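>>> model the structure of this input:
(one chain, ligands or ions: 2)
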Amino acid sequence: MSRWNDRVQGWLFNRNRPCTDIRGEPDYRSVSVQHVLPRVRCAGYRRLHLHEPEVSGLVASKRTWTLDELRTLPQVSQITRHICIEGWSAIGQWRGVPFRTFLERVGADLSARYVGFKCADRYYSSLDMAAALHPQTQLTLDFRDAPLPAKYGYPLKLHVPTKLGFKNPKHIAAIFVTNTNPGGYWEDQGYNWFSGL
Ligand SMILES: Nc1nc2c(c(=O)[nH]1)N[C@H]1C(S)=C(S)[C@@H](COP(=O)(O)O)O[C@H]1N2
Ligand SMILES: [Mo]
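Ligands and ions are numbered 1, 2, ... in the order given. Predicted structure coming up:
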């Protein structure tokens, strides 16, 4: 049933419709309960490539991206609402690279079906390619005008305002493009995989 639901949601998804029309003031205060906050290591540990995202799968260029390199790509600032399935939501101001720009830069096969994410705290999730390419899907580096605080996903988070909160991976350690559905931490425990808004 959930599979069928995924398919119908996929058909209904409008690839370009902005999903949030935010007039309110950003009030982002996470109410999420994350049991493990990973200790992430970035600049300074670069030689070890710890927790700077490793890009693999159906991409022309498989390698690790440093945070400095990500900051050389075009950055966009946006205000979007995050909606958690547990009943809270909050508006945040986020800056980062439009994920489509990133996928194009790494030579991703944009006709592949899924993009998967592995996180430094062993969380994981995945998206359909249409959601990954949505103009508001953002590889986020900054909260307001400063690097993401640890609890909001340092060093890197994916914002997907067209999806429920659990499909917005924080502390991203690996990104891969694939035709095999990678599932997700909550998705594999019965939450609907598509979870569109
Ligand atoms: N790595 C990682 N990403 C994660 C989670 C997590 O526990 N670990 N929780 C998810 C859930 S359920 C929500 S609602 C949001 C919460 O993001 P926030 O803490 O920045 O508000 O992150 C999502 N991404
Ligand atoms: Mo959540």
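
>>> confirm that residue 180 sits in a strand.
No: according to DSSP: H, G, I helix; E, B strand; the rest coil, residue 180 belongs to no strand; its state is coil.

>>> so who does the most centrally placed residue in the chain touch?
The centroid of the chain falls nearest to residue 158 when counting by C-alpha atoms, centre = their mean (2.1 Å). Residues near residue 158 by C-beta atoms under 8 Å, 6 or more residues apart in numbering: 99, 117, 127, 137, 138, 139, 140, 168, 169, 172. C-beta: built from backbone N, CA, C; applies to glycine.

>>> tell me the secondary structure for it?
Residue 158 is classified as strand under three-state DSSP.

>>> so what's it closest to, chain neighbours aside?
Distances taken as C-beta to C-beta, 6 or more residues apart in numbering put residue 169 closest to residue 158, at 5.3 Å, once the chain neighbours are dropped.

>>> and the one you found, how many neighbours?
Using other C-beta atoms under 10 Å, residue 169 has 28 neighbouring residues.

>>> contacting residues for it?
If you count contacts by C-beta under 8 Å, 6+ apart, residue 169 has them with 117, 119, 123, 124, 125, 153, 157, 158.

>>> make JSON lines out of those and add distance to residue 71, pLDDT and secondary structure.
Shown next, in JSON lines, are the contacts of residue 169 (distance: C-beta to C-beta, whole Å; pLDDT from 0 to 100; DSSP: H, G, I helix; E, B strand; the rest coil):
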{"residue": "117", "distance to residue 71": "20", "pLDDT": "98", "secondary structure": "strand"}
{"residue": "119", "distance to residue 71": "20", "pLDDT": "93", "secondary structure": "strand"}
{"residue": "123", "distance to residue 71": "24", "pLDDT": "93", "secondary structure": "coil"}
{"residue": "124", "distance to residue 71": "25", "pLDDT": "96", "secondary structure": "strand"}
{"residue": "125", "distance to residue 71": "24", "pLDDT": "98", "secondary structure": "strand"}
{"residue": "153", "distance to residue 71": "16", "pLDDT": "91", "secondary structure": "coil"}
{"residue": "157", "distance to residue 71": "15", "pLDDT": "97", "secondary structure": "strand"}
{"residue": "158", "distance to residue 71": "16", "pLDDT": "98", "secondary structure": "strand"}
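
>>> just the closest of those to residue 9, please.
Set against residue 9, the nearest of these by C-beta to C-beta is residue 125 (15.9 Å).

>>> for the closest one, give the beta-bridge partners.
residue 117 (DSSP bridges).

>>> what strands flank the strand ranked longest in the chain, and is each parallel or antiparallel?
For the chain, the strand with the greatest residue count under DSSP state E is strand 89-98. In the sheet, strand 89-98 lines up against strand 76-83 (antiparallel), strand 138-143 (antiparallel) (DSSP bridges).
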